[in-house]
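# here is the input, now give the coordinates:
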Amino acid sequence: MLVSITEENYLKAIYLLNESNDGKGVSTNKLSGQLNNKAASVTDMLKRLAEKKLINYQKYKGVVLTAKGLKYAVKTIRKHRLWETFLVEKLKFKWDEVHEIAEQLEHIASDELIDRLEVFIGNPKFDPHGDPIPNAKGQFNSFRSKPLSHYKNKGNYLLTGVCEHSKSFLQHLTAIGLKIGDQIKVEELNQFDNSYKVLINKKNIRFFSNQVAANILVVLNK
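Residues are numbered from 1 along each chain as shown. Next comes the predicted model:
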């Protein structure tokens, strides 16, 4: 079955929104906002995807992927994250420069190319933003992180990824000297605005707003 570039984009968006919604289904309005399309256009596309048995869609009840739709969505995500990794590691792009390029490259159909690309860049488990890369069977690494804002105690953490992938946010993290793999020690939590005073890599003191803390992913680093 042929799946168009637009259909792949919809399936990927449904997967990512559903993942952040604990699998409860994606509303038309959320999908419209994510893809920056009019609600009527989204509804038409959902009907087409349902006809192809790529989604289960009921008006007012949200959208979930079928097994077939899930396969296409995960394959697109796999290609996107492998291309981002290649662009950063081999072509030396910055992590805030690769998303839009990978959006184009993710629609290349050749499975052989993607498999060779994976081997060429060393079979990475995570992309430059810390997102897990599914393998050729569609399996994700089970490693799970949580936003720093989830933790309300002082302690040591390891930065493993980001929730927000916008260029402005990634550039902000770069400007304050924060990157994947850095150690973060929470020294103070401000109860008034939920901001954090942290020590990065045991030497740089920084202050994170609650918005920053909510968009960086960490694990406890004991």
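
# helices of the protein, residue ranges please.
5-20, 28-35, 39-51, 67-89, 99-105, 111-120, 167-175, 210-214 (DSSP state H).

# just name the most buried of these.
Ranked by mean neighbour count, the helices of the chain are led by helix 67-89 with a mean of 21 (mean count of other C-beta atoms under 10 Å). For the C-beta atoms, the positions are set from N, CA and C on the backbone; glycine is no exception.

# convert that one to CSV, retaining C-alpha atoms only.
C-alpha atoms of helix 67-89 as CSV (Å, rounded to 0.1, in the frame of the first residue of the first chain):
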residue,chain,number,x,y,z
ALA,A,67,-1.2,-1.8,14.1
LYS,A,68,-0.6,-1.0,10.4
GLY,A,69,-0.6,2.8,11.1
LEU,A,70,1.8,2.3,14.0
LYS,A,71,4.2,0.5,11.8
TYR,A,72,4.4,3.4,9.3
ALA,A,73,4.6,6.0,12.1
VAL,A,74,7.5,4.3,13.9
LYS,A,75,9.4,3.8,10.6
THR,A,76,9.1,7.5,9.8
ILE,A,77,10.3,8.4,13.3
ARG,A,78,13.2,5.9,13.0
LYS,A,79,14.3,7.6,9.7
HIS,A,80,13.9,11.1,11.1
ARG,A,81,16.0,10.4,14.2
LEU,A,82,18.7,8.5,12.3
TRP,A,83,19.1,11.4,9.9
GLU,A,84,19.3,13.9,12.7
THR,A,85,22.1,11.8,14.2
PHE,A,86,23.9,11.6,10.9
LEU,A,87,23.6,15.3,10.4
VAL,A,88,25.0,16.2,13.8
GLU,A,89,27.7,13.5,14.1
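
# run the angle between that helix and helix 5-20 for me.
Here helix 67-89 points in a direction 90 degrees away from that of helix 5-20 (axes from the mean of the first three to the mean of the last three C-alpha atoms, to 10 degrees).
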